[in-house]
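**Student:** What would the 3D arrangement of this be:
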Amino acid sequence: MAIVRPLDPVALRADFAIFEREFRGRQLAYLDSAATSLKPRVVAEAMSGYLNNYSANVHRGIYEIGEEATAAYEAARATIAAFLGARDAHEIVMVRNATEAINLVAYSWGRKNIKQADTIVTTEMEHHSNLVPWQMLAQEKDADLEFVPFDDEGRLLQDSYEVLLRTHPKLVAFTAVSNGIGTINPTAEMVRMAHEAGALVLVDAAQAAPHEPVNVQELDCDFLVFSGHKTLGPPGSGALWARRSILDEMPPFMGGGEMIREVKLRHSTFNEVPYRFEAGTPDVSAAIGLGAALDYLSNIGLEHVRAHEKDLVDYALAVLPERVPTIRIHGPHTSADRAGIITFNLADAHPHDVATLLDREAVAVRAGHHCTMPLHQRLGEEASARASFYIYTDRDDIDRLAEALNKVERLFGPRN
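**Tutor:** Numbers count the residues shown, from 1 in each chain. Okay, here's the model as predicted:
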């Protein structure tokens with residue numbers, strides 16, 4: 001495995017088999033890591049090791065490979081806990097993704113604790129996964145759902161947040177980093193303010209955990225979620241972290257095997273935390289793959305990842321407007337409060353056309369609303385194109401993006 005400090009994206013590409021492929025005679029410039037990251041070989045190897053050598057169910061068999069599978073699965077849980085700075089691995093609930101984690105909180109904690117006329121506060125920049133579950137809960141409970149707006153540079157309006165906190169919400173749920181425009185929110189400060197108002201806080205770290213150090217003790221939040229597939233891990237993996245005292249008071253999310261302690265025909269008692277929230281056979285290979293991914297990422301160092309992406313953002317914010325005259329970039333204007341995401345529109349080309357033409361140049365970007373339709377309504381756009389960076393991205397990828405966008409401009413620009 002290539003270990004490079006400071007981070008060297010070209011050297012790290014040797015760890016990713018996909019960069020051995022050619023796309024139209026060129027190496028892929030993959031600029032869609034905010035949707036899903038590429039996967040290093042160590043992740044596939046860890047998963048195939050389980051599938052080939054000890055593919056037994058967990059927490060059930062007392063034979064050798066069953067115990068091996070259980071040990072590997074629980075080792076992945078411990079790795080996730082260490083990655084997030086959790087005090088206790090039993091505060092980690094294994095889920096398929098951040099979406100499932102948020103729904104778990106909404107169904108379990110929310111349906112027990114949110115009452116009529118209670119307030120839930122979230123923001124206008126949320127991914128649908130951190131919006132729709134709260135809409136459903138608010139409608140069911142006849143609760144109020146309020147939103148923190150953002151300014152023209154994509155920063156949350158803290159004055160408006162302070163006003164909303166005066167309603168004494170039961171829950172504040174917001175993203176640490178916007179997947180739509182890359183804004184890095186002042187998470188720890190917002191958590192502190194919410195606690196002073198008496199609210200619990202859920203932090204959506206799906207775009208933060210892969211790119212910068214995330215420590216639940218330092219953030220002092222109550223719930224935190226992230227997805228494995230954005231963090232070099234496989235699809236179908238992710239985690240919910242929550243304070244043990246809160247988890248102990250939450251009812252189960254789903255019923256079935258593993259989440260029970262004793263079952264009678266007419267009643268059951270439930271397992272301890274976190275197993276009461278993990279009904280049925282889990283995706284063991286995905287959990288093991290996520291553990292391998294987080295080990296790989298931790299070995300590189302999240303501080304190096306963040307520094308590398310800041311350099312790329314600075315370069316992109318300087319180069320793209322200079323070389324692509326009609327580009328309109330959304331979000332913060334500096335790398336200090338912007339993650340490795342450049343969301344943009346061209347004056348005369350629809351984002352879907354942009355992405356299609358860039359694909360012909362072996363440049364992969366996302367086009368659409370990025371599961372943030374309210375954010376795009378605030379921007380005044382139906383859709384946008386989004387280039388997102390990670391550890392295998394370098395300045396040459398941004399140069400290729402600029403060159404390809406310039407071709408799109410010439411194709412769609414005004415005719416003389």
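**Student:** Below-threshold pLDDT in this structure: ranges please.
**Tutor:** 1-5, 414-416 (pLDDT under 70).
**Student:** any idea how it splits into domains?
**Tutor:** 9-30+301-412, 44-299 (automatic domain parsing).
**Student:** now those domains as a markdown table including distance to residue 36 and mean neighbour count?
**Tutor:** (Each C-beta comes from the backbone N, C-alpha and C, glycine too.) As requested, the domains of the chain are exported to a markdown table (distance: least, Cβ to Cβ, whole Å; neighbours: other Cβ atoms under 10 Å):
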| stretch | distance to residue 36 | mean neighbour count |
| --- | --- | --- |
| domain 9-30+301-412 | 10 | 19 |
| domain 44-299 | 5 | 20 |
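**Student:** quick one, which of these is nearest to residue 38?
**Tutor:** Closest approach to residue 38 among the domains of the chain (Cβ to Cβ): domain 9-30+301-412, 5.2 Å.
**Student:** Quick one: distance of the closest one to the chain centre.
**Tutor:** 18 Å (Cα atoms, centre = their mean, to the nearest Å).
**Student:** first vs last residue of that domain, how far apart are they?
**Tutor:** 33 Å (Cα to Cα, to the nearest Å).
**Student:** Helices of the stretch 151-300 of the chain, residue ranges please.
**Tutor:** Along the stretch 151-300 of the chain, counting by DSSP state H, counting those that start in this stretch, helices occupy 158-165, 187-196, 216-219, 244-249, 284-300.
**Student:** who's in contact with the helix or strand containing residue 83?
**Tutor:** Element membership of residue 83, judged by DSSP states H and E, is helix 64-84. If you take Cβ atoms under 8 Å, 6 or more residues apart in numbering as the criterion, helix 64-84 is touched by 50, 53-61, 86, 88-89, 91-92, 94, 209, 214-216, 224, 239, 241, 274, 282, 284, 287-288, 290-291, 294-295, 297-298.
**Student:** and if you look at stretch 278-287?
**Tutor:** Counting by Cβ under 8 Å, 6+ apart, 47, 50-51, 55, 57-58, 69, 72-73, 76-77, 93-94, 96, 228, 233-237, 252-259 sit against stretch 278-287.
**Student:** how long is it end to end?
**Tutor:** 13 Å.
**Student:** ok now that stretch, how far from the chain's centre?
**Tutor:** With Cα atoms, centre = their mean, you get 20 Å for stretch 278-287.
**Student:** now residue 200, nearest residue through space, not along the chain?
**Tutor:** Excluding the flanking residues, the one nearest residue 200 by Cβ to Cβ, 6 or more residues apart in numbering is residue 222, at 4.3 Å.
**Student:** got a list of what the one you found touches?
**Tutor:** 200, 201, 202, 242, 243, 246.
**Student:** Stretch 153-163: end-to-end distance?
**Tutor:** First-to-last residue span, stretch 153-163, Cα to Cα: 21 Å.
**Student:** Centre of the chain to it, how far?
**Tutor:** 22 Å.
**Student:** ok, now stretch 115-132?
**Tutor:** 17 Å.
**Student:** among the contacts of helix 64-84, which are in strands?
**Tutor:** 92, 94, 224, 239, 241 (DSSP state E).
**Student:** Reformat the residues you listed as TSV; add distance to residue 146.
**Tutor:** Below are the ones in strands among the contacts of helix 64-84 laid out as TSV (distance: Cβ to Cβ, whole Å):
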residue	distance to residue 146
92	30
94	32
224	21
239	28
241	25
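**Student:** Closest to residue 362 out of these?
**Tutor:** residue 239 (33.7 Å).
**Student:** Quick check, the closest one in contact with residue 233.
**Tutor:** No. In this structure residue 239 lies outside contact range of residue 233 using Cβ atoms under 8 Å: 10.2 Å.
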